[in-house]
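Undergrad: have a look; sequence and predicted model below, questions after that.
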Amino acid sequence: MIPHCPDHDGAEDGFTIVEMLVAFTIVALCTVTALQISASLTQQGAGVEAALRTSDEAQGIVWLRFALGSLRPGQESGRFSDGSPWVLTVADVAPALDWRDVPPVWHLRLTRDDPRGPIVYETVLAAGLGG
């Protein structure tokens, strides 16, 4: 068996400057792409967190009024903790359903900005049932 001897004709083994520049460019592009994806996911996560916080707050607004027994047909307005306005619209739907001799059946819709704005929370609650 003949041992393999490297063929040296005065050139050194290694990468050329062009190869190194290409490798660094690829690594830099991958790093920038990863940072952009990370920033995008962080921003989307913050948006989801804000929407969940608003939804929880809207549910609290509705249920507090229901628990206090202060629901009346009409509209009420206020502001979320982030300062954006909300409008709570309350209607008794029992008469529209031709239900007689029953406690109110409240249709509650909490919207952002004005009564026709985006719905944040909507539910139907029956008052005075169950004892």
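TA: Yes, it's here.
Undergrad: okay, now W86: neighbour count?
TA: By the criterion of other Cβ atoms under 10 Å, W86 has 21 neighbours. For the C-beta atoms, the positions are set from N, CA and C on the backbone; glycine is no exception.
Undergrad: what lines up beside the helix or strand in which it is found in the sheet?
TA: Assessed by DSSP states H and E, W86 sits inside strand 85-92. Paired neighbours of strand 85-92 in the sheet (DSSP bridges): strand 74-79 (antiparallel), strand 105-112 (antiparallel).
Undergrad: pick the most deeply packed of these.
TA: Of all the strands paired with strand 85-92, strand 105-112 carries the top mean neighbour count, a mean of 20, counting by mean count of other Cβ atoms under 10 Å.
Undergrad: can you name the element that comes right after that one?
TA: Once the chain leaves strand 105-112, the next helix or strand it forms, by DSSP H and E, is strand 119-126.
Undergrad: report the contact partners of the most centrally placed residue in the chain.
TA: Against the mean C-alpha coordinate of the chain, by Cα atoms, centre = their mean, the closest residue is V48 at 2.0 Å. Taking Cβ atoms under 8 Å, 6 or more residues apart in numbering, we find V48 in contact with no residue.
Undergrad: quick one: it from Q59, how far?
TA: With distances taken as Cβ to Cβ, to the nearest Å, V48 is found 17 Å from Q59.
Undergrad: can you check G83 too?
TA: 19 Å.
Undergrad: what about the two, which has more around it?
TA: The residue with more neighbours, out of G83 and Q59, is Q59; 14 against 6, by other Cβ under 10 Å.
Undergrad: for the more buried one, give me its contacts.
TA: Y121.
Undergrad: in which helix or strand does it reside?
TA: helix 17-68.
Undergrad: strand 74-79 and that helix, what's the angle between them?
TA: Using axes from the mean of the first three to the mean of the last three Cα atoms, to 10 degrees, the inter-axis angle of helix 17-68 relative to strand 74-79 is 140 degrees.
Undergrad: quick one: helix 17-68 to chain centroid distance?
TA: When distances are taken as Cα atoms, centre = their mean, to the nearest Å, helix 17-68 is centred 10 Å away from the chain's centroid.
Undergrad: contact partners for the spatially closest residue to F66 that is not a sequence neighbour?
TA: Leaving aside its sequence neighbours, F66 sits nearest to L125 (Cβ to Cβ, 6 or more residues apart in numbering; 5.5 Å). L125 sits next to F66, L71, V105, W106, L108 when contact means Cβ under 8 Å, 6+ apart.
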